[in-house]
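*Asks:* model the structure of this input:
(one chain, ligands or ions: 2)
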Amino acid sequence: MTKLNQYKSFSTMYNFDTGELDPKGRVITRKLSHMSEMYLNQEAAEELLKEDPLVYEVFNVEVPETIAHIQHCVTILYPGKVGDEYFMTKGHYHEILDRAEIYFCLKGKGQLILQTKEGDFDMIEMIPGSVAYVAPEWAHRTVNTGDEPFVFFAAYPGDAGHDYGGIETEGFVKLLMEENGQSTLVDNPRYQSVE
Ligand code: PAN
Ligand code: ZN
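*Replies:* Ligands and ions are numbered 1, 2, ... in the order given. As a prediction, this is how the structure comes out:
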């Protein structure tokens with residue numbers, strides 16, 4: 001007699017026009033008011049808060065948060081700037097630090113910003129087709145450097161979790177700003193080592 005497996009396989013539909021998943025799953029909606037203090041130019045942030053634009057949405061397929069499973073989701077990061085700083089995700093370390101992740105860019109363009117607690121920094125360009133590997137122990141944030149939504153699919157171990165802690169208050173070691181029409185990395189004056 002065959003024993004029934006406790007797990008069930010399934011699929012979700014990615015919509016190439018809207019960038020959304022169907023079913024949408026657990027949706028995270030981040031407006032500027034959820035993260036306005038993370039941008040360098042606080043005067044520009046205050047001004048933009050009157051409209052409180054949608055910065056990004058995440059459509060999370062719901063699977064158990066255990067190592068047996070693989071979390072997967074799509075993020076739509078909208079175009080825009082706060083002062084000269086591009087719209088970005090909050091960014092995080094994984095709660096279980098040594099959990100890696102894969103990002104696959106589907107639409108638009110941006111940069112994947114990476115750093116470690118030891119102070120290493122890295123940046124990977126994301127265009128449709130780019131498959132980026134976020135190695136274990138690296139914090140990661142995406143930035144939309146284009147003028148259309150930047151959409152990417154992500155997959156990571158089920159138990160990884162998210163640690164926004166130090167990044168929420170100090171940010172990343174460098175910021176991506178637009179200077180003379182070019183995206184330029186600048187030192188983040190608010191950053192101190194998270195040690
Ligand atoms: C991604 C991110 C998503 C939103 O799915 O969670 O793009 O970014 P923040 O979580 O930094 O707000 C991921 O890296 N998951 O692990
Ligand atoms: Zn992650």
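*Asks:* can you count the residues close to Pro189?
*Replies:* 9 (other Cβ atoms under 10 Å). C-beta: built from backbone N, CA, C; applies to glycine.
*Asks:* how much space between it and Leu40?
*Replies:* Computed as Cβ to Cβ, to the nearest Å, the Pro189 to Leu40 distance reads 8 Å.
*Asks:* Met88 too?
*Replies:* The gap separating Met88 from Leu40 is 11 Å, by Cβ to Cβ.
*Asks:* who has more neighbours out of those two?
*Replies:* Neighbours were tallied for Met88 and for Leu40 using other Cβ under 10 Å; the higher tally belongs to Met88 (28 against 17).
*Asks:* hang on, the more buried one packs against Arg141?
*Replies:* Yes: Met88 is within contact range of Arg141, at 5.7 Å (criterion: Cβ atoms under 8 Å).
*Asks:* so what sits against both of those two?
*Replies:* Taking Cβ atoms under 8 Å, 6 or more residues apart in numbering as the criterion, Met88 and Arg141 both touch Ile113.
*Asks:* what comes into contact with the lowest-mean-pLDDT helix or strand in the chain?
*Replies:* Counting by mean pLDDT, DSSP states H and E, the chain has its least confident helix or strand at helix 165-170, which shows a mean of 86. Contact with helix 165-170 is made by Met38, Lys90, Gly91, His92, Tyr93, Ala139, Arg141, Asn188, Arg190, Tyr191, Gln192, Val194, as judged by Cβ under 8 Å, 6+ apart.
*Asks:* give the buried residues for the very next helix or strand once past that helix.
*Replies:* Under the assignment DSSP states H and E, the closest C-terminal helix or strand after helix 165-170 is strand 174-179. Within strand 174-179, the residues that count as buried by 16 or more other Cβ atoms under 10 Å are Lys174, Leu175, Leu176, Met177.
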